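J.: Sequence and predicted structure, then a few things I'm wondering about:
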Amino acid sequence: MKFDPAKLPVHVAFIMDGNGRWATARGLDRREGHRKGVKTMFSVVGSAFKIGVKYVTVYAFSTENWNRPKKEVDELMRLFHRYFTTRLSKLTSKGIKVNVIGSTKGLSDTILSDIRDLSRVETGKVNGVLNIALNYGGRDEIIEAVNAAIKNGKEVDEKSFSDMLFTSGCPDPDLIVRTGGEKRLSNFLLYQAAYAELYFTDTLWPDFDTEELYGILSDYSNRNRKFGKV
Ligand code: IPE
Ligand code: IPE
Ligand code: MG
């Protein structure tokens, strides 16, 4: 499929929701849904870059997701460790820079070391950027930035404040897609989402695919982004 590059979002963010319900509907443990969800993530993210999207952000684990049963949290952390140390190299070898964004608080030494290793990967020419929001909360991010600004003792403006967020250097998301049917942001990119186009689909994340992504990009290309103007 071809898209007019001028009408393609530069930055697409995904709230990958519905893994648990996908598994439950099949009589499976919720953890199976997360395993399938990882596969979907690699496939959809790969397609987004292939079509020409430059920045992709995926919401993988929120600061509130710690309140889930331990066995589910443990499995999610195991999956992160696994793909941080294996599958992501397929993307970085193609010039995709991977940033893990979020708080370090509460993460294990293993995951923290994976994140450090990922930040050191040399990609050469950068063809795209993948932000993985892990232990991410929009309020937490804003509060950390405010505290850093207070420490600096300098007033901030919109530009300098943006640069203090985890997404520093990334343009704001043009399009935020949430799967799983819920119509809320759940603490995702609260500051950055100011003028993002929102798209909600009932499809559960493990069932989401490239074809649906193309349909959403086509819908996006017909939207009239006004940014407050007439
Ligand atoms: C999204 O799927 C993945 C994470 C939040 C880690 P859910 O696990 O929230 O799936 P549902 O919403 O319970 O179906
Ligand atoms: C949002 O999904 C977080 C991620 C997709 C990682 P949740 O399933 O945690 O959101 P709520 O609880 O339905 O708002
Ligand atoms: Mg959910």
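T.: Alright, I've got the coordinates. Numbers count the residues shown, from 1 in each chain. Ligands and ions are numbered 1, 2, ... in the order given.
J.: going forward, measure contacts between C-alpha atoms and count neighbours the same way
T.: OK.
J.: What residues does the chain have near ligand 2?
T.: With C-alpha under 6 Å from any ligand atom as the criterion, the chain comes near ligand 2 at residues 15, 16, 17, 59, 60, 61, 62, 65, 186.
J.: my read: the fifth one touches residue 133, true?
T.: Meaning residue 60. Yes. Between residue 60 and residue 133 there is a contact under C-alpha atoms under 8 Å: 5.5 Å.
J.: what about the two, which has more around it?
T.: residue 133 (26 against 23; other C-alpha atoms under 10 Å).
J.: List the beta-bridge partners for the more buried one.
T.: residue 59, residue 101 (DSSP bridges).
J.: In this structure it contacts residue 59, no?
T.: Yes. Using C-alpha under 8 Å, residue 133 makes contact with residue 59 at a distance of 4.8 Å.
J.: the longest helix in the protein is where?
T.: Longest helix of the chain, by residue count under DSSP state H: helix 30-51.
J.: could you give me the average pLDDT of that one?
T.: Averaging pLDDT along helix 30-51 gives 98.
J.: tell me the contacts of the residue nearest the centre of the chain?
T.: For the chain, the residue nearest the mean C-alpha position is residue 58 (1.7 Å; C-alpha atoms, centre = their mean). For residue 58, the contacting residues are 13, 14, 15, 16, 130, 131, 132, 133, by C-alpha atoms under 8 Å, 6 or more residues apart in numbering.
J.: which residues touch the longest helix of the chain?
T.: With C-alpha under 8 Å, 6+ apart as the contact definition, helix 30-51 has outside contacts at 1-3, 16, 19-24, 55-56, 72, 75-76, 79, 91, 128, 205-210, 213.
J.: What of stretch 150-161?
T.: Under C-alpha under 8 Å, 6+ apart, the answer for stretch 150-161 is 145, 149.
J.: tell me how far it is from the chain's mean position?
T.: 25 Å (C-alpha atoms, centre = their mean, to the nearest Å).
J.: circling back to that earlier point, when you check ligand 1, which of the contacts of residue 58 turn up near it?
T.: residue 16.
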